[in-house]
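>>> here is the input, now give the coordinates:
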Amino acid sequence: MKTITVLLVEDHMIMREGLRALLKLETDLRIVGEAENGRQAVALTRKLRPSVVVMDVGMPLLNGLEAARQILAAHPKTKILILSAHSDDAYVEKALALGASGYLVKQTSAHVLGEAIRKVWLGMRFFSPVIARRLDHQQLVDPGKVAAEKDSARLTPREMEVLQLIAEGKANKQTAAELHISIKTVEKHRQSMMNKLDIHDTAGLTRHAIAIGIIESSVQATVVPPPGRSQP
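As a prediction, the model looks like this:
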């Protein structure tokens, strides 16, 4: 039996340890690496070339959906299996549009994960029952969310990365350091995003990032500038 190599991508250590312990019981699955954010996932996929990437959605620095897009653009044969606490239509439809092979909610029974990995590795799709039922009924997404997705489709991949870091409360200097670009380049991306989205403040960009699933509202950072200074 051929061994299926797996990369685990989950920012919560306890959850990641649980997944690791669960998959170690499967004799045909081998964990070749672990990542705690999307940026690490992209780098490790390039280095390790896993058969399947099990990916959370809500992660710092680079969310799972954007990480999946970058991985599949560089390694189209890699299979992406989303494992998330979110089962909203908007998340599921975006993941499928990006090329993910399956989507499981974290409440799914433990034994299903191994089966899901095998199915997507074989080229099939696999969904948690609650998601599969909705897809069968072809439920429509909220028109407001569809509009937000269309607006964001005009953003470049780099602008999407900058948007996430801004929404997480990172200042321009921190964003520049994280992406290894100049502060002036960050400012250009920020202005370009504002023009494309017709959003002209950080709070608005943050709300937009939450609306389209780039970050979760629970991870939004609150940055309080020192007295007499404003946030860059």
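
>>> make it CA atoms for all contacts and neighbour counts henceforth
OK.

>>> against residue 193, how distant is the nearest residue to residue 194 once chain neighbours are set aside?
Take residue 194 and drop its neighbours on the chain: the residue closest to it by C-alpha to C-alpha, 6 or more residues apart in numbering is residue 200, 5.4 Å away. Counting by C-alpha to C-alpha, to the nearest Å, the separation of residue 200 from residue 193 is 9 Å.

>>> longest single helix anywhere in this protein?
helix 183-197 (DSSP state H).

>>> so what pLDDT did residue 84 get?
Residue 84 carries a pLDDT score of 86 in this model.

>>> now do residue 147
41.

>>> for residue 131, same thing?
So, for residue 131, pLDDT stands at 84.

>>> tell me the SS of it?
helix (DSSP: H, G, I helix; E, B strand; the rest coil).

>>> please apply the same query to the one 4 residues further on.
Classification of residue 135 into helix, strand or coil gives helix, according to three-state DSSP.

>>> what is the neighbour count of residue 179?
15 (other C-alpha atoms under 10 Å).

>>> how does the chain divide up, domain by domain?
4-136, 143-219 (automatic domain parsing).

>>> mean pLDDT lowest where, among these?
Among those, domain 143-219 carries the lowest mean pLDDT (a mean of 79).

>>> ranges for the helices of this structure?
Counting by DSSP H, the helices of the chain are 13-23, 38-48, 64-74, 89-98, 110-121, 129-136, 143-152, 157-167, 172-179, 183-197, 202-211.

>>> right, and the ones you listed - which one's nearest residue 55?
helix 64-74 (6.1 Å; C-alpha to C-alpha).

>>> by how many degrees do that closest one and helix 38-48 diverge?
30 degrees (axes from the mean of the first three to the mean of the last three C-alpha atoms, to 10 degrees).

>>> buried stuff in helix 64-74?
64, 65, 66, 67, 68, 69, 70, 71, 72 (16 or more other C-alpha atoms under 10 Å).

>>> and the fifth one, how far from residue 42?
Look at residue 68 and residue 42: by C-alpha to C-alpha, they are 8 Å apart.
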